[in-house]
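> quick one, fold the following:
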Amino acid sequence: MAEAAPQKPYYPALDGLRGLAILLVILYHNFHFINHFFFAWLGVDLFFVLSGYLITSILLKSVNSALYLRNFYWRRILRVFPLYYLCLIIFLVALPLLGFYKKELQFYVDNQLWFWFYLQNWLLCFNFPPMGNLLNHFWSLAVEEQFYLVWPFVILWLRNPKKLLMFMMGVLIVLLVVRSIVWMYKLPQFNYTNFYTFTRIDGICIGCSIALLHRINFNFLRKNTAAIVIALAILNFGFYFLNRSGDFPYLAFVGYTTFAAMFGLLIHEAVTGDTRIINKILELQVLKFFGMISYGLYVFHWPVYMITQPGLKNFFLQDLNLSEQMSKLGTSLLATMLAIVISVISYYAYEMKFLKLKEKFR
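As a prediction, this is how the structure comes out:
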């Protein structure tokens, strides 16, 4: 008989993976001028895979509960909504009323309904702000919430992990086809393939699939996972380099899916603990710390950088007479440190108040 996944309430390595994901995002955004960090955009995809795995694991454990849907959505609301809507109030209401950053925020104020209803990724498929880009990174939050409006009902409908896995495999095939069509028909390429819900939920689906595999047979892929992760990494980065130097649209066709598969297997390793060195790295306190504040840091890091960047860069260039590159580095470091401080305060002084309420919905 297949071995079921052990009922373990907490995997420290997954917090470490979450910390790694937010650090990758920050490297890609705040340190974009350093070419060596070109791969750091993968942080968002790692978040997607982690989210799919964790949410699906929770849903599978509670699907037979009489309060299954109520508990899930209330817990989701308490985790995500308070900080998200606080930020919208700050950036779309308070700052414009006070006259701050009017030009930078005008696009978002004019199109704010998309943000209030978690539809901003669809907006960015068609339009990009002419300046500022303060809230563009919220697209990924919209993709997640749209997916989780549907997925709990699918689990409630099918229930059986094998049927759910087959369903998810079908979804992944459809995603590959849709993304290929989007690319081949020359629709707004970057915007559609990067922000369109049906071209970017691969990561969430892979995470869901790993959780389902654990429910069906925890030993699946157990012997050779590390080797497969390494092989996928070589394959992915090899094709990605080809894509950067030529016209082969690797990401548009299969890249997002294969990178997500690599992360899914990494999560499998983290949960099973088969590769001790991976777990030792992922369980480092610094990674777990960043994992703890990752949501707030994701929300704040880019607006803080964009708002402080002009003043800080001017300070380093003119007042300290540093070079252009050193000024950029100093600006990015200070902006990131400020975002970390804000995120820590947000977590302990604001988010925790709502997180404690989640216990009422178990």
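> for Ala21, list the residues it contacts.
43-44, 46-47, 50, 294 (CB atoms under 8 Å, 6 or more residues apart in numbering). To be clear about C-beta, it is placed using only N, CA and C from the backbone, and glycine gets the same treatment.
> quick one: low-confidence parts of the stretch 51-200 of the chain?
131-132, 186-192 (pLDDT under 70).
> recalculate using a threshold of 50.
For the stretch 51-200 of the chain, not a single residue meets the criterion pLDDT under 50.
> now the helices for it?
In the stretch 51-200 of the chain, the segments counted as helices under DSSP state H, counting those that start in this stretch are 68-88, 95-98, 102-110, 112-116, 120-126, 139-158, 161-184, 189-195, 197-200.
> closest one to Thr308 among these?
When the helices of the stretch 51-200 of the chain are compared by CB to CB, helix 102-110 sits nearest Thr308, at 12.6 Å.
> show me which of the contacts of Ala21 are buried.
The neighbour-count test (16 or more other CB atoms under 10 Å) applied to the contacts of Ala21 identifies 43-44, 46-47, 50, 294 as buried.
> among these, which two are most distant?
Across these (CB to CB), the longest gap, 11.7 Å, separates Val44 and Ser294.
> mind putting the helices of the stretch 51-200 of the chain into a markdown table with mean neighbour count and distance to Tyr350?
Converted to a markdown table, these look like this (neighbours: other CB atoms under 10 Å; distance: least, CB to CB, whole Å):
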| stretch | mean neighbour count | distance to Tyr350 |
| --- | --- | --- |
| helix 68-88 | 17 | 7 |
| helix 95-98 | 13 | 18 |
| helix 102-110 | 16 | 22 |
| helix 112-116 | 16 | 19 |
| helix 120-126 | 20 | 22 |
| helix 139-158 | 18 | 17 |
| helix 161-184 | 16 | 35 |
| helix 189-195 | 18 | 28 |
| helix 197-200 | 20 | 29 |
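> now distance to Leu338 too, for those helices, in TSV please.
Formatted as TSV, those follow (distance: least, CB to CB, whole Å):
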stretch	distance to Leu338
helix 68-88	16
helix 95-98	17
helix 102-110	18
helix 112-116	23
helix 120-126	24
helix 139-158	21
helix 161-184	37
helix 189-195	27
helix 197-200	29
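> nearest to Ser327, out of these?
helix 102-110 (20.8 Å).
> next, the angle helix 68-88 makes with the closest one.
150 degrees (axes from the mean of the first three to the mean of the last three CA atoms, to 10 degrees).
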